[in-house]
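Undergrad: requesting a structural model of the entry that follows:
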Amino acid sequence: MENELLTTDELSARIKYDVRTIRERLKDSVLLEGVHYFRPFGGRKILYLWDAIQRDMMHAPLTRSMGISGIPMANGGMLHG
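TA: Coordinates of the predicted model:
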């Protein structure tokens with residue numbers, strides 16, 4: 001299975017969010033390392049996994065509108081308290 005890899009600039013253009021918003025608000029709160037992005041060779045550069053982002057973009061608004069809250073888990077699930 002081949003996954004399309006995007007830089008922050010490419011992701012910004014695709015989802016219509018400012019690069020700074022992705023870096024400061026979405027990364028690590030909505031976009032999770034190991035699920036939605038990774039750092040190749042342990043470096044500073046970040047590459048985003050388009051398939052995972054596209055899949056999960058559609059689910060987040062649905063759960064919020066239903067009043068469901070939880071903590072996102074690295075495996076893509078949610079922890080409900």
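Undergrad: rest of the way, CA atoms for contacts and neighbours
TA: Noted.
Undergrad: which of the helices and strands in the protein ranks last by mean pLDDT?
TA: Scoring the helices and strands of the chain by mean pLDDT, DSSP states H and E places helix 59-65 at the bottom, with a mean of 50.
Undergrad: now do the same contact list for the residue nearest the centre of the chain.
TA: The centre of the chain sits closest to L31, judged by C-alpha atoms, centre = their mean, with a distance of 2.5 Å. Shown in contact with L31 (C-alpha atoms under 8 Å, 6 or more residues apart in numbering): Y37, I53.
Undergrad: swap in 10 Å and give it another go.
TA: By C-alpha atoms under 10 Å, 6 or more residues apart in numbering, the contact list for L31 reads I22, R23, R25, Y37, Y48, L49, A52, I53, D56, M57, P72, A74.
Undergrad: per-residue confidence for it?
TA: L31 is assigned a predicted lDDT (pLDDT) of 91.
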